[in-house]
Structures are given as C-alpha cells and as structure tokens.
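Student: this one's sequence-less:
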C-alpha cells in the first residue's frame with residue numbers, strides 16, 4: 001500500500017510559478033513510477049507528467065505543459081515534486097499525485113494509488 005498526500009496548491013497570477021509536493025508513505029518509493037494528473041471543472045482527469053522508477057531521469061510530459069513544468073523526485077525523502085512555471089489560467093485544476101509499481105503510462109488507468117488532490121487556481 002502507498003499513501004499519497006499532495007500540497008502546495010494555491011491561487012497564483014498568470015505568469016507566476018508554483019511547486020507542488022507529493023509525500024508518499026512506504027519504503028519502496030524509489031521503485032514506483034510516479035505521476036501528476038489534473039482535473040478541471042467539468043473535464044476529464046488528464047495526464048500532466050510522469051517520473052519512471054527505472055532509468056535515470058526517465059520522464060514524460062503532456063504537450064500542454066512541456067517546457068513550463070518539471071517533474072522531479074527525491075527518493076530519500078519519498079517525495080515527488082512538480083515545478084510549474086509560466087502558469088496560465090488554463091492550468092487551473094485540482095492536481096493529483098499517482099503511483100504504480102509498474103512502468104506506468106499517460107493513462108490514469110495505469111495507476112493504482114492516488115492522493116486527494118491540491119487545488120491550483122491561476123488568475124488572469
């Protein structure tokens with residue numbers, strides 16, 4: 001079992017930056033593929049970024065955030081991060097942390113564990 005707790009969401013102006021954190025329980029964090037998803041009101045939950053447990057620095061990003069967001073992880077602290085720069089109003093959503101013991105993918109169905117989410121609101 002893995003428990004995930006997100007933090008760091010808040011109201012920010014367009015063009016600003018935020019760093020989200022996801023604290024994970026368990027002793028095998030380093031062997032989980034971790035990801036961020038987001039869900040805006042009235043929309044489906046969508047993939048944002050992922051960090052695979054295999055391969056050094058293996059990451060993936062949605063086209064909509066590529067070049068603006070950076071996913072990283074600190075395995076010693078069991079923590080996943082999402083650095084978000086140049087934020088846009090369309091980035092407004094609840095951001096969720098997710099984990100899987102397998103290779104993961106951009107599909108939410110590939111992830112077994114989810115946090116409760118943290119709200120990010122970007123004002124124009």
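Tutor: Arrived safely, thanks for sending. Keep in mind it's a predicted model, so treat the numbers as computed, not measured.
Student: Might you list the low-confidence residue ranges for the chain?
Tutor: Within the chain, the ranges that satisfy pLDDT under 70 run 55.
Student: residue contacts, the nearest residue to residue 28 once chain neighbours are set aside?
Tutor: Residue nearest to residue 28 in three dimensions, not counting chain neighbours: residue 101, with 7.8 Å by CB to CB, 6 or more residues apart in numbering. From N, CA and C alone the C-beta is placed, and that goes for glycine too. Residue 101 sits next to 28, 31-33, 112 when contact means CB atoms under 8 Å, 6 or more residues apart in numbering.
Student: top of these by neighbour count?
Tutor: In terms of neighbours by other CB atoms under 10 Å, the contacts of residue 101 top out with residue 32 at 27 neighbours.
Student: Would you map the helices across this protein?
Tutor: Remark: helices of the chain are absent; assignment by DSSP state H.
Student: center of it - which residue?
Tutor: In the chain, the centroid-proximal residue (CA atoms, centre = their mean) is residue 36; its distance is 2.2 Å.
Student: Please tell me how far residue 95 sits from residue 33.
Tutor: 17 Å (CB to CB, to the nearest Å).
Student: quick one on the thing from earlier: mind listing what the residue nearest to the centre of the chain touches?
Tutor: Here residue 36 is in contact with 20, 22, 48-50, 71, 80, 82, 95-98 (criterion: CB under 8 Å, 6+ apart).
Student: Next: residue 2.
Tutor: Taking CB under 8 Å, 6+ apart as the test, what residue 2 contacts is 24-26, 29, 32, 99, 112-113.
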